[in-house]
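> Following is a predicted model, sequence given first.
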Amino acid sequence: MRASYAKQAGDETLHRYADRIKARAVRRCGELAMAMATSKGGGNQRTGVGVHPSARKANGHAAGLSDHQLKQAIRVANVPETDFERQVDCNV
């Protein structure tokens with residue numbers, strides 16, 4: 001939401017900062033979704049392998065996420081950290 005205000009105000013720097021914050025929040029959301037699912041039933045915390053999809057979906061819905069938002073967050077969380085940081089910071 002803040003990104004749209006920055007864009008409307010014509011402040012490109014503020015808009016880029018808001019986009020970076022949002023990207024990091026999406027990534028963290030995916031990390032938490034995978035961690036919660038693995039703490040309840042085994043599996044690999046980093047990749048989410050071995051976690052039943054319904055456990056992830058239930059956690060995501062409990063957090064107020066749609067199926068699409070949850071899948072997107074997990075995909076972003078699975079990007080290697082160095083690649084993620086390089087992509088997020090490329091528009092500084």
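Nice, I can see it.

> Look up phi and psi at Pro80.
Torsion angles at Pro80 (phi, psi; degrees, to the nearest 10) stand at phi -50, psi 140.

> What is the burial count for it?
8 (other Cβ atoms under 10 Å). (C-beta placed from N, C-alpha, C; glycine too.)

> what's the answer for Ser54, then?
9.

> now Cys29
Cys29: 20 neighbours (other Cβ under 10 Å).

> So Asp83 versus Ser66, what's the distance?
Between Asp83 and Ser66 the computed distance is 26 Å (Cβ to Cβ, to the nearest Å).

> Let me know the helix or strand that Leu32 is in.
helix 12-39 (DSSP states H and E).

> Kindly provide the whole-number mean pLDDT of that helix.
Per-residue pLDDT values over helix 12-39 give a mean of 86.

> ok, now which ones touch the closest residue to Ile74 other than its chain neighbours?
Computed as Cβ to Cβ, 6 or more residues apart in numbering, the closest residue to Ile74 that is not its neighbour in sequence is Gly30, at 4.4 Å. Listed by Cβ atoms under 8 Å, 6 or more residues apart in numbering, the contact partners of Gly30 are 70, 72-78.

> So which of those residues sit within helices?
Among those, the ones falling in helices (DSSP state H) are 70, 72-77.

> Redo those as TSV? Include neighbour count, pLDDT and distance to His15.
Output for the ones in helices among the contacts of Gly30, formatted as TSV (neighbours: other Cβ atoms under 10 Å; pLDDT from 0 to 100; distance: Cβ to Cβ, whole Å):
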residue	neighbour count	pLDDT	distance to His15
Leu70	20	92	26
Gln72	15	95	21
Ala73	23	94	22
Ile74	22	92	26
Arg75	12	94	24
Val76	20	96	20
Ala77	22	95	24
